[in-house]
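A.B. asks: Here you go, sequence then predicted model.
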Amino acid sequence: MSSTSALTGQKDVRRGNDESHCVTLSVILCVNKSTPWLGDAIRSVLTQEDPHFEFLIAANACSDSLWQELQILVGNDHRVRLVRSNVGQIAYNLNLLADSANGDYLVRMDADDLCEPQRLSILREELSRDPVDVLGSAVTLIDDNDEVVGQMDFPLTSEDIIRALPSRTVFCHPSVAIRREFLYSMRGYLGGFASEDSELWLRACRSGASLRNLPQALLRYRVHTGQSIASGRGYAEVAAHWLRELLVAPGWYPLKGFAIALGKTLGSRFLPGAGRYLKANLRG
C-alpha cells in the first residue's frame with residue numbers, strides 16, 4: 001500500500017464524521033547516527049492509538065549500518081517511507097521531508113524522544129476542531145534511562161507565545177505539528193545548525209501566524225549531554241537570529257530578544273551540559 005493510501009485510509013474509518021474537517025498527518029523524523037533510543041522512538045510512533053498517518057524518516061549523511069538498522073526497525077510497515085540524503089544538515093532534510101509529505105500537518109519527531117500513545121489522536125482532534133499554523137504541547141522530561149526528571153510547560157496562546165519569545169523557549173520543536181502549506185509559505189526552514197526551529201518561530205511571529213500549545217504533555221523529551229541544544233553554539237545562533245531582526249526592524253522587542261540571547265550565550269559556559277537547557281527553560 002502506498003503512503004498516500006495510508007492517509008486516505010484514515011478517512012475510510014471515519015466515514016461517519018465530516019471528512020472535510022478531518023486533518024491528515026505526516027510524522028517526520030531526521031536521523032544521522034544510531035543511538036540507544038532510536039528503536040524506541042520509532043516504535044512509539046508506529047504503535048500510536050491512532051494508526052492512520054504516514055511516517056517519513058530522513059537518514060542524512062548516515063552510515064550504511066544505520067541505513068540497514070532503519071530498514072529492520074520499520075520492517076514492512078506501509079506507512080513508513082525512508083529517504084537517504086547526503087546532506088548532513090537538519091534544516092535541509094526537514095525541508096526535503098516536508099516537500100515529500102502528503103499530510104495537512106507535519107508532526108515533528110526526534111530520534112531520541114518518545115511519543116505518548118495518544119499523541120496523534122489528540123493532535124488530530126485538536127487540529128480538526130481548531131486549525132492553527134503551529135500546534136505544540138507540554139513535554140515530560142526524561143533522562144538517558146527513561147526516568148522522568150521534570151516537565152516543561154509552554155505559553156498556550158499566540159499572544160502569550162509572542163510575548164514570551166524573547167526570553168524563553170516557546171515550543172519544544174519535536175512536539176509540534178506544523179501546517180504544511182504554512183511552512184511552504186514561509187519558504188521552509190532557513191537556517192541554523194542547532195536552532196532551525198527558533199529561526200522559524202521568529203519569522204512565524206512576524207508573519208502573524210496562528211500559534212498554540214496544548215497544556216498536556218504528549219511527548220517524552222530526552223535531555224542528555226549529546227544534544228546540540230546543550231551547546232553554547234545553539235544560543236549563539238539564536239542571538240544571531242535576533243540581531244538580524246533588530247537590524248531589519250529596530251525596536252524594543254528584537255532588542256530585548258537579542259540582549260537575552262546574548263546573555264544566555266555568554267552565561268551558558270558556566271552550566272554543565274544539558275543543565276543549560278533546564279536552567280533556561282524549566283518552569284514549576
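C.D. replies: Arrived safely.

A.B. asks: if you go through the stretch 151-284 of the chain in chain order, where are the helices?
C.D. replies: Ranges of helices in the stretch 151-284 of the chain, per DSSP state H, counting those that start in this stretch, are 158-164, 180-185, 196-207, 232-248, 252-267, 275-281.

A.B. asks: May I see those arranged in JSON lines, with mean neighbour count as well?
C.D. replies: For glycine as for every other residue, the C-beta is placed from the backbone atoms N, C-alpha and C. Shown next, in JSON lines, are the helices of the stretch 151-284 of the chain (neighbours: other C-beta atoms under 10 Å):
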{"stretch": "helix 158-164", "mean neighbour count": "16"}
{"stretch": "helix 180-185", "mean neighbour count": "16"}
{"stretch": "helix 196-207", "mean neighbour count": "20"}
{"stretch": "helix 232-248", "mean neighbour count": "19"}
{"stretch": "helix 252-267", "mean neighbour count": "17"}
{"stretch": "helix 275-281", "mean neighbour count": "18"}
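
A.B. asks: So which of those helices is nearest residue 139?
C.D. replies: Shortest distance between residue 139 and the helices of the stretch 151-284 of the chain, using C-beta to C-beta, is found for helix 275-281: 10.4 Å.

A.B. asks: ok, back up a step: ranking the helices of the stretch 151-284 of the chain by mean pLDDT, which is last?
C.D. replies: Mean pLDDT values for those show the minimum at helix 275-281, a mean of 51.

A.B. asks: give me the low-pLDDT residue ranges for this structure?
C.D. replies: Applying pLDDT under 70 to the chain flags residues 1-21, 225-231, 270-284.

A.B. asks: helices and strands around the longest strand anywhere in it, which ones?
C.D. replies: Ranked by residue count and defined by DSSP state E, the top strand of the chain is strand 211-222. Packing contacts for strand 211-222, counted by 3 or more C-beta pairs under 8 Å, 6 or more residues apart in numbering; DSSP states H and E, involve strand 114-115, helix 119-129, strand 134-142, strand 148-152, helix 158-164.

A.B. asks: If we use 7 Å, what do you get?
C.D. replies: helix 119-129, strand 134-142, helix 158-164 (3 or more C-beta pairs under 7 Å, 6 or more residues apart in numbering; DSSP states H and E).

A.B. asks: Pull out the buried residues from the longest one.
C.D. replies: Spelled out, it's helix 119-129. Buried residues in helix 119-129, defined by neighbour count with 16 or more other C-beta atoms under 10 Å: 119, 120, 121, 122, 123, 124, 126, 127, 128.
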